[in-house]
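> Predicted model and sequence below, questions to follow.
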Amino acid sequence: MDFERFLKDLQGIVGAENVVYHSDDLLVFEYDGSVDRGMPEAVVFPNSTQEVSRVIALSHKAGVPVVGRGTGTGLSGGAIAPPGGIQVAFPRMNHILEVDTENRLALVEPGVINLNLDTHVRKFGLRYAPDPSSQKACSLGGNIAENAGGPHCLAYGTTTNHVLGMEVVLEDGAVVNLGSLARETVGYDLRGVFTGSEGTFGIATKIAVRLLPVPEAVRTFLGIFPDVETACTAVSAVIEHGIVPAALEMIDALTIQAVQKVTDAGYPDDAGAVLLIELEGLQDEVDEIGDEVEAALWETGASQVHTAEAAAEREQLWVGRKGALGALGSIAPNYFLVDGVVPRTQLAPVLGRVADVSRKYNIPIANVFHAGDGNLHPCLLFDERQPGALDKIVEAGTEVLQICVDAGGTLTGEHGVGLEKKEQMPLVFSEDDMAAMVLVRDAFAPDNSMNPGKIFPDGKKHTPHAHPPAHGMPA
Amino acid sequence: MESSLGEQLARLLGGSAVLPGDGYEVDGLTPQAVVRPVDRLQLAEILKWASSEGVGLLPRGGGTRTGLGNVPRKADVVLDMGAFNRVLDYQPADMTATVEAGMTLASLQEHLAPGGEFVPLEAAQASRSTVGGILSVGAGGPLSYAYGLPREWLIGIGVMSTQGVSTKAGGKVVKNVTGYDLNKLYTGSLGTLGVIVEASFKLLPNNPHSGMLLASFPTLAASISAGRKLLHSPAAPMGCHSVTSGVSRRLQDSVQAASQDLGLSEEDTALTFAFYSGRAQATRRRMEEAAALLLAEGANAVQRIDDSASNGMLRWLTDAPAEINPNSVLVIKVSVQSKSSARTSAECGEILISGEKPEQMADPGFGSIRLLWPSSTEGAAEVELPILDAVQQTRQIASRYSGSAVVERCPLSVKRQIDVWGDAPDSLAVMRSIKDRFDPNGILNPGRFLGGI
């Protein structure tokens, strides 16, 4: 292929100012929030669905693979360019097209930042519920690709439960609508299977999402516990009361130490685990359930319980949890985050086995996790400058995933498989299971030119690069 | 001469697994045999055989929705999944359960009740409707506004492919992005892509208290408009429904049989149902506010109905479409943007068949409206054109409000002339391509789905 010609044609579609191809300019597009890297041949910033369609059709004809890129906060390498491929990024398509308060839905372009949508619709007493911790930076298009979660998906579900419909561009440039503005549609639920397909089916160019009313009352509880096991019994006690909180989050002793060094979270020095619970609903409901939650925390062995309802005070209780990943930098220069999920009742035993891995490999592991839905985030701490450190980390990380799978869990709760975990897919899925999945991809993208090389094992060794904690903003 | 399909199956599995197809008629077609596999091995054998012989298989759960879908191109053998009826795993503390597809919804809920939990699936005739059938149809019920559709609760699935290969997707954890979310693809696919063998669900804790308000309104339009106001108020219910007088008269008959007095006067023409559940105090407060709102919006009267009576009413409303259908010449379920519920209802309400308006069951929060035209005394041939015309008009109205209109019941002669699912969306080519790859020999429910899939 004549690449110069291809570039000229791209420029012809989106304008010269919207194509980046000099190697210096491409550096920032080489990585996302994961440990993988790959230099795209070019990055294109389209202005419209039509431009996206023409760019993809042109690339398809030229045999150039395409990956959609949101804002590069992904944690599994999903937005890393395939070899010889280009990225389509959406800084120009970042408009909230419509907020329909009567229908409680918003129509957005893929480049809209998650938090900007939420902030915007709160003016109308509404909210966009999925809240990945990177929500200040991540885009709705990326959220769709990864089926992003967040602390509040315990009660409200993940992105897939909030997407009504979308306009997508397929690999031949065809523009197709999936789902609709009505809650029920006819035919196969293509918008459901597209969500979480990690960019391998096509690229969403317009998205309709559900909005929910802002709850009347929100109350946050912070419990200090001697250790993670005790805090896990508090989680069980809350659930046994028939309570499904809006969020149920935990950090362990090592994370607490890191947080204490860099924030003013104000935890006691001997804290072994911090449990955060958030209730939302009607005021009298929150009052009644809140008393039960508080009692459960004390009964199961909390040494301190703090509660807050005012937004600023609640924010203060969240400081430690939200700053946890960044704070790990005070302990080690790098971390490798594992996104395994286990049934909720397996949390305590699995964390025990994760501690065994930590001892076996002599790697400190800090745990920050969504306790309510069993989504662990063990962070393996290391220094990439030590020879062989990264290989050891990847090996230990795989062992942690095996522990999750053995406990009835799976590889990833919200970060996606991407490049990072594709070779581990056989831990969970048989050849036949994966073959069925590939049939769906073949229907959307028969030539497999949308984000190829992701999700499914191909024997190509994963060659991670370390990055400092400042990059990571996992949920 | 070649042996019959029943004989071939009997050779494959043994005679006890095969029955004659009489009484299993679908859209006027009587299958040659009914086969009831007892395990995955047998199921795999059946699918391999059907694929190699090009036999049209109709998977069947409780048989409560066999009228749904287009007339099958082939209806050779009914595949009865009734033997797959066990709970495979239930951990109350995990709030998840894994069950086989042939289990009925009622027995699943019974199994979960001691754990203080339930699965938020809704289906008419819960004692017959099976998990696999409910997933295949993919529809919700009166509380869809709060719970959404089955797609929101399915976290893992085991499917036997048309080639007789066991496959799975998802898992047993409540949050999972490992691999493609095929749960969504199979849910609502009307059994056209594979045979659902088992399913894992996310559960909810039982609500300690439930109740409902029943309000009568002079018109359906007033009832829907009040419902919309209620749904957007702080006293919003979990589900809100408006029904016409014909439907409310049936309710009256049904509860009078249970010797309850609803206190409805003769001239009441429409009813609003508003369902609540949660903690006692908060529920009580919301219901008080809601009752005041409904009266202010023009209700003739509002009754508060508590706990078991309200659960009975919810069951009645869940079952109502199935009960009313046999007395209807045409039933269409319209799904539109929720804000367009009132207009859709008003416009569709003017469509006449033999001079009769449709009865309506509207869910103005979810945006779905069932239109039920009463059976006429005229012969089938006389009403055929008016029915086709009513379908056409309803579709035009639905599409005006970004929606769809699915014909759930109509005379066979009409069904043969239409696609009951409506006009194909622009994604039909992708849907067809998925079907061709999952079912290359076209054996599963051939022709019954959208666009003849």
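Nice, thanks for sending it over. Residues are numbered from 1 along each chain as shown, chains lettered A, B, ... in the order given.

> how about residue A:53, phi and psi?
Here the main-chain torsion angles of residue A:53 (degrees, to the nearest 10) amount to phi -60, psi -40.

> does residue A:441 really touch residue B:182, like I thought?
No - assessed by Cβ atoms under 8 Å, residue A:441 is found out of contact with residue B:182, at 11.2 Å. For the C-beta atoms, the positions are set from N, CA and C on the backbone; glycine is no exception.

> ok, those two, which is more surrounded?
With neighbours defined as other Cβ atoms under 10 Å in any protein chain shown, residue A:441 and residue B:182 compare such that residue B:182 has more, 24 against 21.

> helix, strand or coil for the residue lying closest to the more buried one once chain neighbours are set aside?
Residue nearest to residue B:182 in three dimensions, not counting chain neighbours: residue B:169, with 3.6 Å by Cβ to Cβ, 6 or more residues apart in numbering or on different chains. Assigned with DSSP: H, G, I helix; E, B strand; the rest coil, residue B:169 falls in the strand class.

> and residue B:169, how many neighbours?
For residue B:169, the count of nearby residues is 27 (other Cβ under 10 Å).

> ranges for the strands of the stretch 251-400 of chain A?
In the stretch 251-400 of chain A, the segments counted as strands under DSSP state E, counting those that start in this stretch are A:273-281, A:304-308, A:334-337, A:365-370, A:378-382.

> can I get those strands in CSV with mean pLDDT, distance to chain B and mean neighbour count?
Converted to CSV, the strands of the stretch 251-400 of chain A look like this (pLDDT from 0 to 100; distance: least, Cβ to the nearest Cβ, whole Å; neighbours: other Cβ atoms under 10 Å in any protein chain shown):
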stretch, mean pLDDT, distance to chain B, mean neighbour count
strand A:273-281, 96, 7, 25
strand A:304-308, 96, 18, 17
strand A:334-337, 92, 15, 26
strand A:365-370, 94, 7, 26
strand A:378-382, 96, 16, 25
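
> Which one of those strands lies nearest to residue A:83?
Closest approach to residue A:83 among the strands of the stretch 251-400 of chain A (Cβ to Cβ): strand A:334-337, 23.6 Å.

> Quick one: list the elements packing against the closest one.
Contacts defined by 3 or more Cβ pairs under 8 Å, 6 or more residues apart in numbering or on different chains; DSSP states H and E place strand A:334-337 against strand A:378-382, helix A:389-406.

> got any ranges where the stretch 1-150 of chain B has weak pLDDT?
Within the stretch 1-150 of chain B, the stretches with pLDDT under 70 are B:1-2.

> And the strands in it?
B:18-20, B:33-35, B:57-60, B:77-80, B:87-91, B:96-100, B:117-118.

> For the fifth one, list the C-alpha coordinates in CSV.
So that's strand B:87-91. Presented in CSV, the C-alpha positions along strand B:87-91 are these (Å, rounded to 0.1, in the frame of the first residue of the first chain):
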residue,chain,number,x,y,z
VAL,B,87,-31.4,-25.7,40.6
LEU,B,88,-27.6,-26.2,40.0
ASP,B,89,-26.3,-23.7,42.5
TYR,B,90,-27.8,-21.2,45.0
GLN,B,91,-25.7,-19.2,47.5
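
> now what about that strand, what contacts it?
With contacts defined as Cβ atoms under 8 Å, 6 or more residues apart in numbering or on different chains, strand B:87-91 is touched by A:343, A:345, B:96-100, B:103, B:108, B:111-112, B:115, B:172, B:198, B:200.

> of all those, which comes closest to residue B:247?
residue B:108 (28.2 Å).

> residue contacts, that closest one?
For residue B:108, the contact set (Cβ under 8 Å, 6+ apart) comprises B:87, B:97, B:99, B:119, B:131.

> Now with 6 Å, please.
With contact set as Cβ atoms under 6 Å, 6 or more residues apart in numbering or on different chains, residue B:108 has these partners: residue B:99.

> what residues does the stretch 51-200 of chain B put near chain A?
Proximity of the stretch 51-200 of chain B to chain A, by Cβ under 6 Å from any Cβ of the partner chain, involves residues B:93-94, B:152, B:165, B:167-168, B:171-181, B:184-185, B:188-189.

> Tell me which of the strands of the stretch 251-400 of chain A sits nearest to residue A:32.
Residue A:32 sits nearest to strand A:334-337 of all the strands of the stretch 251-400 of chain A, at 13.1 Å, using Cβ to Cβ.

> pull the CA atoms of the closest one into PDB?
What follows is strand A:334-337, C-alpha atoms only, in PDB (Å, rounded to 0.1, in the frame of the first residue of the first chain):
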ATOM      1  CA  ASN A 334       5.000   0.900  39.800                       C
ATOM      2  CA  TYR A 335       1.900  -1.300  40.200                       C
ATOM      3  CA  PHE A 336       0.200  -4.000  38.200                       C
ATOM      4  CA  LEU A 337      -3.500  -4.100  38.800                       C
END
